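Q: coords below, sequence missing:
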């Protein structure tokens with residue numbers, strides 16, 4: 001019995017979700033700071049990736065190709081987002097966050113929130129997701145030097161503003 005194009009397509013979709021779903025969700029969450037928005041972002045990004053699957057020229061670059069789509073989708077969501085003021089303290093918002101398994105300290109999340117989106121995404125990809133400079137640059141569609149300078153500026157901002165608690 002031969003496999004048809006539909007079964008190949010379903011297998012590809014299952015593999016993407018299984019292999020990259022958690023990474024995509026963590027990337028979106030760290031960019032957007034909200035689990036619901038992150039889930040929407042990943043779902044939209046996977047649909048976009050599915051539609052653009054013929055543009056993937058190098059199968060070895062599949063991970064960075066998908067993360068590029070997640071990052072671009074996250075950026076689009078950030079541009080559309082209307083900030084909603086919260087009357088809860090940052091610690092309360094973090095405690096109510098159902099995505100706490102990411103193991104990020106509340107203080108680090110607050111420090112990331114101080115960064116402009118383009119610096120935050122570089123910090124997330126380089127330091128949290130442990131992507132190389134080359135893979136980060138490819139994912140964000142910027143030069144490697146841009147990744148390095150954004151990371152340097154971001155770390156400078158964090159050093160000046162972040163005082164982790166000594167608990």
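A: Here it is on my side, so go on. This is a predicted model, so every value here is computed, not measured. Residues are numbered from 1 along each chain as shown.

Q: what's in contact with the helix or strand containing residue 122?
A: Residue 122 is part of helix 117-123, with elements assigned from DSSP states H and E. Outside of helix 117-123, the residues within contact range by Cβ atoms under 8 Å, 6 or more residues apart in numbering are 30-31, 71, 74-75, 78, 112-113, 115, 136, 140, 147, 150-151, 153-155, 157-158. Yep, even glycine has a C-beta here, placed from its N, CA and C like the rest.

Q: among these, which are in strands?
A: Taking DSSP state E, every one of the contacts of helix 117-123 sits outside strands.

Q: so which of these sit within helices?
A: 30-31, 71, 74-75, 78, 112-113, 136, 140, 147, 150-151, 153-155, 157-158 (DSSP state H).

Q: from the residues you listed, list just the buried residues.
A: 30-31, 71, 74-75, 78, 112, 136, 140, 147, 150-151, 154-155, 157-158 (16 or more other Cβ atoms under 10 Å).

Q: which one of the residues you listed is nearest residue 20?
A: Nearest to residue 20, judged by Cβ to Cβ, of those is residue 71 at 12.9 Å.

Q: contacting residues for the closest one?
A: 27, 31, 121, 125, 139, 140.

Q: also residue 49?
A: Residues near residue 49 by Cβ under 8 Å, 6+ apart: 16, 65, 66, 69.

Q: which secondary structure element is home to the last one?
A: Taking DSSP H and E as the definition, one finds residue 69 inside helix 62-80.

Q: can you list the buried residues in that helix?
A: Neighbour-count burial for helix 62-80 [16+ other Cβ under 10 Å]: 62-75, 77-78.

Q: what of stretch 9-25?
A: Buried residues in stretch 9-25, defined by neighbour count with 16+ other Cβ under 10 Å: 16, 20, 23, 24, 25.
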